[in-house]
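Engineer: sequence plus the predicted model coming up.
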Amino acid sequence: MKTLFRRNDTKLYNHLSKCILFVGMGSNDYLNNYFMPNFYTTSSVFSPKAYAAVLQEDYSRLLNSNFMNWVRKIVIMGVGQIGCIPYELARLSVPTSQTENTCNEKINTIINIFNNGLLEMVKRFNQATSNAKFIYVNTYKSSRDLVMNSKSYGFDVIDKGCCGVGRNNGQITCLPLQTPCVNRNNYLFLGCIPPN
């Protein structure tokens, strides 16, 4: 960004003070690490609470960086219900049609530990500074609402991707040249539909 402002720090910092910064971290740390015990040892090394604390420490370090001294409005995104996405549902040992709901609540419980810590972190940042405002967006709650009230949002299929490979069309996202479902508006999860 300094290049855009021709290395004029005053103009850069003035610009940053007017921006709203959206920060979302954690989803990939869980989805592509903690919940992949066949590839990573993270879940055997860290308890859910300890892993959340490590991620929150990294988050806090980012928010305490010099760059952040000039940003005045920061939106912190929580992690959504990873236990409800087709990829995680495909990993369940019981087909989703035989379960009471279409979510892996063990995964969602672990995500909530992280999100609760994020909310507390946002509160601490707001108490510690008067020149910046931190806002927590409860993505978990909104994604839960989408799943629980899917019919009212026009979604008939909430446990499968519209396009993908394997169980629930969730084991591999949609591949190039793969034909997506015809009624894609009925699916909560699209599965990364390739361009036409």
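Structural biologist: Received it, and whenever you're ready, just let me know what you need.
Engineer: where exactly do the helices run in this structure?
Structural biologist: In the chain, the segments counted as helices under DSSP state H are 9-16, 27-29, 42-45, 48-63, 86-90, 105-128, 139-148.
Engineer: where does this structure have low pLDDT?
Structural biologist: Within the chain, the ranges that satisfy pLDDT under 70 run 66-68, 93-101, 191-196.
Engineer: I'd assumed residue 26 was in contact with residue 58.
Structural biologist: No. Taking contact to mean Cβ atoms under 8 Å, the distance of 9.3 Å between residue 58 and residue 26 leaves them out of contact. (Each C-beta comes from the backbone N, C-alpha and C, glycine too.)
Engineer: coming back round to it: looking at the helices of the chain, which one is packed in the most?
Structural biologist: helix 86-90 (a mean of 23; mean count of other Cβ atoms under 10 Å).
Engineer: and that helix, what does it pack onto?
Structural biologist: Taking 3 or more Cβ pairs under 8 Å, 6 or more residues apart in numbering; DSSP states H and E as the contact definition, the neighbouring helices and strands of helix 86-90 are strand 157-161.
Engineer: who does the strand it packs on touch, helix- and strand-wise?
Structural biologist: Judged by 3+ Cβ pairs under 8 Å, 6+ apart, the packing partners of strand 157-161 are helix 86-90, strand 187-189.
Engineer: can you check what angle separates it from helix 139-148?
Structural biologist: Our comparison of strand 157-161 with helix 139-148, counting by axes from the mean of the first three to the mean of the last three Cα atoms, to 10 degrees, yields an angle of 110 degrees.
Engineer: using PDB, write out every CA atom in strand 157-161.
Structural biologist: The C-alpha atoms that make up strand 157-161 are tabulated as PDB, following Å, rounded to 0.1, in the frame of the first residue of the first chain:
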ATOM      1  CA  VAL A 157     -31.100 -29.500  -0.100                       C
ATOM      2  CA  ILE A 158     -28.700 -28.700   2.700                       C
ATOM      3  CA  ASP A 159     -26.600 -31.800   3.100                       C
ATOM      4  CA  LYS A 160     -25.200 -32.100  -0.400                       C
ATOM      5  CA  GLY A 161     -23.300 -29.900  -2.800                       C
END
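Engineer: what does that strand contact?
Structural biologist: The list of residues contacting strand 157-161 from outside it, by Cβ atoms under 8 Å, 6 or more residues apart in numbering, reads 84, 86, 89, 96, 102, 146-147, 150, 168-170, 173-174, 186-191.
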